[in-house]
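Visitor: okay, structure incoming, though there's no sequence with it:
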Ligand SMILES: C[S@@+](CC[C@H](N)C(=O)[O-])C[C@H]1O[C@@H](n2cnc3c(N)ncnc32)[C@H](O)[C@@H]1O
């Protein structure tokens, strides 16, 4: 586990995502429009459950906030839904610029700001819907970021949030690689996620821990989803490349995992009402 102070750790998180935004590897093509189209195609082909979970059509006529916009694929979908207002934040300027350009290519816009999920620059009860996909586990104080989601919502407003699940195939593979094969089998999954998944200090939670963090909400549902990393499909994250991974991708028993380990996915998809 990292021994950094939270503020230093947050700088490291920002530097990590400033070096390469999430999914940038899929943005291939000669012009910005074709690059973004390739990115969107790869994202929704690999993760077809995102639109169903997000329920982008529910943005119509609502005040929507997305926390951690990344390269703006989902933010574009929210913009297309016809919200009353759309706001997006991210810790990095890189993500904000990508997202602004991404929306502009489609003639759309949003109130985009560089901001920290743990200290959002908006008044209480400003939004009807808060969405965040794969972000809050990167922030050093995830419970505080979830409290901010609650603060942002009006009574009756809905949060749709994905954070990482501790008991995942991704975690077991990383443990095999950086614990067992590295001669350090005593390393905990928490330490492995913090050091080897994505930005430094990344966390992964059990369902019970997630429910506890969303304790201020009502009607909380928590679903587990196997993702493309658990199934070794596509690019499995900007940190992980090389011959061992290539070999594992050829041999990985995907149908066995889908059939017998569906509850060992990396994603916890949480829906909660204020
Ligand atoms: C894995 S990417 C996900 C981006 C996007 N939601 C997606 O699904 O592609 C994580 C994003 O969270 C952002 N992030 C990390 N910590 C944050 C914080 N404390 N406040 C706001 N954004 C944060 C990063 O800058 C990065 O863009």
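Guide: Done, it's in. Nothing here was measured: the structure is a model prediction, and the numbers come from that model.

Visitor: count of residues packed around residue 244?
Guide: Neighbour count of residue 244, defined by other Cβ atoms under 10 Å: 11. Yep, even glycine has a C-beta here, placed from its N, CA and C like the rest.

Visitor: spatially, what comes nearest to it if we skip its sequence neighbours?
Guide: Distance criterion Cβ to Cβ, 6 or more residues apart in numbering; nearest residue to residue 244, sequence neighbours excluded, is residue 177 at 7.3 Å.

Visitor: what's the local residue count around the one you found?
Guide: Count around residue 177 with other Cβ under 10 Å applied: 16.

Visitor: closest residue of the stretch 1-150 of the chain to the ligand?
Guide: At 2.6 Å from the ligand, residue 70 is the closest residue in the stretch 1-150 of the chain, using Cβ to the nearest ligand atom.

Visitor: helix, strand or coil for the residue nearest to that residue when sequence neighbours are not counted?
Guide: Using Cβ to Cβ, 6+ apart and skipping the chain neighbours, the partner closest in space to residue 70 is residue 22 (4.4 Å). Classification of residue 22 by DSSP: H, G, I helix; E, B strand; the rest coil places it in coil.

Visitor: so what's residue 22 up against?
Guide: With contact taken as Cβ atoms under 8 Å, 6 or more residues apart in numbering, residue 22 is in contact with 70, 71, 95, 134, 238.

Visitor: contacts only, for the nearest residue to residue 58 once chain neighbours are set aside.
Guide: Leaving aside its sequence neighbours, residue 58 sits nearest to residue 129 (Cβ to Cβ, 6+ apart; 6.4 Å). Applying Cβ under 8 Å, 6+ apart, one finds that residue 129 lies in contact with 58, 59, 62, 63, 64, 65, 153, 157, 158, 159, 160.

Visitor: again with residue 96
Guide: Per Cβ under 8 Å, 6+ apart, neighbours of residue 96: 69, 88, 89, 90, 112, 113, 114.

Visitor: state the pLDDT value of it.
Guide: For residue 96, the pLDDT comes out at 98.

Visitor: one more: the one 3 residues further on?
Guide: Residue 99 is assigned a pLDDT of 97 by the prediction.

Visitor: wait, a helix at residue 104?
Guide: Yes: applying three-state DSSP, one finds residue 104 inside a helix.

Visitor: neighbours around it, how many?
Guide: Residues near residue 104, counting by other Cβ under 10 Å, number 12.

Visitor: pLDDT score assigned to it?
Guide: Confidence score, pLDDT, at residue 104: 97.

Visitor: tell me which stretches of the stretch 151-274 of the chain form strands.
Guide: 153-164, 218-225, 267-273 (DSSP state E, counting those that start in this stretch).

Visitor: tell me which of the ones you listed lies nearest to the ligand.
Guide: It is, among these and with distance given as Cβ to the nearest ligand atom, strand 153-164, at 8.0 Å.

Visitor: report all helices and strands that that closest one contacts.
Guide: helix 49-54, strand 127-133, helix 142-152, strand 267-273 (3 or more Cβ pairs under 8 Å, 6 or more residues apart in numbering; DSSP states H and E).

Visitor: ranking these by burial, who's on top?
Guide: When the helices and strands packed on strand 153-164 are scored by mean count of other Cβ atoms under 10 Å, the highest mean neighbour count falls to strand 127-133 (a mean of 25).

Visitor: tell me the angle of that strand relative to strand 267-273?
Guide: Strand 127-133 runs at 170 degrees relative to strand 267-273, counting by axes from the mean of the first three to the mean of the last three Cα atoms, to 10 degrees.

Visitor: quick one: strand 127-133 near the ligand?
Guide: Yes: applying Cβ under 6 Å from any ligand atom, one finds strand 127-133 touching the ligand at residue 133.

Visitor: for stretch 202-210, buried residues please.
Guide: Residues of stretch 202-210 classed as buried: 202, 203, 204, 205, 207, 209, 210 (neighbour count, 16 or more other Cβ atoms under 10 Å).

Visitor: residues touching the closest residue to residue 219 other than its chain neighbours, list them.
Guide: Leaving aside its sequence neighbours, residue 219 sits nearest to residue 273 (Cβ to Cβ, 6+ apart; 4.5 Å). By Cβ under 8 Å, 6+ apart, the contact set of residue 273 is 156, 157, 158, 159, 217, 218, 219, 220.
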